[in-house]
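K.L.:
Model the structure of this input:
(2 chains)
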Amino acid sequence: MPWPMDCATSAIRAMGERALLSVRGLTVRSIAAPSRPIVDSISFDIGRERVGLVGESGSGKSLTARAVMGLLSRPLEALAERLEFEGADLQSFTQRQWDRLRGSKMALVLQDARYALNPVLSIGRQIEEMLLLHDRTVDRMRRVREVLSAVGLADPGVVRAYPHQLSGGMGQRAMLAMMLANGPTLLIADEPTSALDADLRTQVLELMCNGALTPSMGLLLISHDLQLVARYCDRAIVLYRGRIVDQGSAAHLSNSDHPYTRALWSCAPSGRTHGSRLPVFDRRRIDP
Amino acid sequence: MTAVAVESLSVSLVNGAPPVIDSLSLAVTDGEVFGLVGPSGCGKSTLLRVLAGVNRDWRGSVELLHHRPQPHRRFSGSLRREVQMVFQDPYASLHPRHTVARALLEPLRLLDAERPRERMIQALSEVGLDPAIVSRYPHELSGGQRQRVAIARALLSSPRLLLLDEPTSALDLSVQAEILNLLDAVKSVHAVTMILVSHDMGVIAHMCDRAAVMGEGGRIRRLLGREELDRL
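P.N.:
Prediction:
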């Protein structure tokens, strides 16, 4: 069943803590077409929990994450009534404050490690760079080894390896290690496993959603795969054309009565669907 | 009736390196949807490229729709029409500076088709596209639309064998469902044999009559029939 917004918010309040991230009326639009927003006035809170942000491509998932991290560039712009992280107003942040926040308290894991990592720096050097930028007091080599073994890359050879020498799954783990280096409170993962094949996908998600995630952290997992979100998240927000059309606890995604959520849930092919048409949704029915 | 019979096929991509496909034998029946699954690098795509005549550097014996292509030779005669391929990334397989119309009219001209414009419009509506998109460039289409154009292009020459190399892995689940439904419809209308490569067991189990699980060096680990596939 879809939950009304206030219900999710009050659930966080009931737990006696403040939301890590609080978003009200977030709109992302292109300066060229201000009347057609790409993300249209969405509101949500994220506490110390795992939240899945789901929807088709083009629904505004990634832009929402980028807006939250202040990573939009012209011609895109973000407007919001409220955009708060740990009580601080992100909209008033200077470049310096953003630089301090990103990569330390708030970290982003991207889809493809092959493009996201610097090809000419060794893995150890890239993780060390994160520490140099944010915390010069730690024993860096020790911390590098710590985070690498936390993501299952304890082999000392990895520290000296370059991105092209790692497999897709190892690259993704290395990127996760880099993002965990400064102990973030909010981890945003944008389709972190779409470039991996099925076995690796499970490994990396297991690690990201259970192994490496401490109770003091929040996770925003962006994905188009509803079943994956149901398995690994506590709560889900469903986006369609820049609007939140459905949300609720991840366990209840399977019996949501919203047609879009239902189609997204049941469109995965399997042996049982052989010979039958896969459900696709009638876009005209959902379009406002 | 066999559509494809491959015997002790070996392919090396680099001289002196161990072969990507080492002595592979496989038979695909006429009208069947045959799946190939396996980890990346096991030779699935290489096999398709041999069957498409793109990779001509192979050893062994290949029988393709009752033709016997020879290594180091281009396909000739009707085989050129009868085997068509759809690639994983439709953005890379459509010319970025050709409109949809040009991408579809070019093969029709090569085939000396009569009334090419009509054929093009018919092909587009068959894959569920609005004929108004003919003047668009690939970057003006969504991923699903691009893959539909690629499928429409492959169908223009009325192929008897369709080679599908990860046709939906660049797409969202909801768009994937639409493309898989389209391929199902194509199969029932055109009576075409399909070889489908995917790393997603769900896609294979949904689409295929039989499937081969491939391992290192193109070795076939297991052949799965409908009974095994139903359980996936």
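K.L.:
rest of the way, CA atoms for contacts and neighbours
P.N.:
Fine.
K.L.:
Tell me if I am right that A:Gln246 is in a strand.
P.N.:
Just to correct that, residue A:246 is Asp rather than Gln. Yes: looking at A:Asp246 with DSSP: H, G, I helix; E, B strand; the rest coil, it is inside a strand.
K.L.:
nearest residue to it other than its sequence neighbours?
P.N.:
Distances taken as Cα to Cα, 6 or more residues apart in numbering or on different chains put A:Val238 closest to A:Asp246, at 5.1 Å, once the chain neighbours are dropped.
K.L.:
Show me what the one you found is bridged to.
P.N.:
A:Val54, A:Asp246 (DSSP bridges).
K.L.:
tell me the contacts of it?
P.N.:
By Cα atoms under 8 Å, 6 or more residues apart in numbering or on different chains, the contact list for A:Val238 reads A:53-55, A:244-247, A:261.
K.L.:
Tell me the first helix or strand C-terminal of the helix-or-strand element of chain A with minimal mean pLDDT.
P.N.:
Least confident helix or strand of chain A, by mean pLDDT, DSSP states H and E, is helix A:5-14 with a mean of 46. Next helix or strand after helix A:5-14 toward the C-terminus (DSSP states H and E): strand A:21-30.
K.L.:
strand partners of that following strand, parallel vs antiparallel please.
P.N.:
Sheet pairing here is set by DSSP bridges, and for strand A:21-30 it gives strand A:39-46 (antiparallel), strand A:76-79 (antiparallel), strand A:82-85 (antiparallel).
K.L.:
export the ones you listed to a markdown table and tack on mean pLDDT and distance to A:Cys209?
P.N.:
Output for these, formatted as a markdown table (pLDDT from 0 to 100; distance: least, Cα to Cα, whole Å):
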| stretch | mean pLDDT | distance to A:Cys209 |
| --- | --- | --- |
| strand A:39-46 | 94 | 15 |
| strand A:76-79 | 93 | 28 |
| strand A:82-85 | 95 | 21 |
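K.L.:
Could I get the contacting residues of B:Arg117?
P.N.:
Taking Cα under 8 Å, 6+ apart, one finds B:Leu105 in contact with B:Arg117.
K.L.:
if we can go back for a sec, I'd like the strands paired with strand A:21-30 as a markdown table, with mean neighbour count appended.
P.N.:
Putting those into a markdown table (neighbours: other Cα atoms under 10 Å in any protein chain shown) gives the following:
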| stretch | mean neighbour count |
| --- | --- |
| strand A:39-46 | 20 |
| strand A:76-79 | 18 |
| strand A:82-85 | 20 |
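K.L.:
With respect to B:Ala177, which of these lies nearest?
P.N.:
With respect to B:Ala177, and counting by Cα to Cα, the nearest of the strands paired with strand A:21-30 is strand A:39-46 at 25.0 Å.
K.L.:
what comes into contact with that closest one?
P.N.:
Contacts of strand A:39-46 (Cα under 8 Å, 6+ apart): A:5, A:8-9, A:19-29, A:59-60, A:63-64, A:80, A:218, A:220, A:241-244.
K.L.:
again with stretch B:9-16
P.N.:
B:18-25, B:46, B:57-62.
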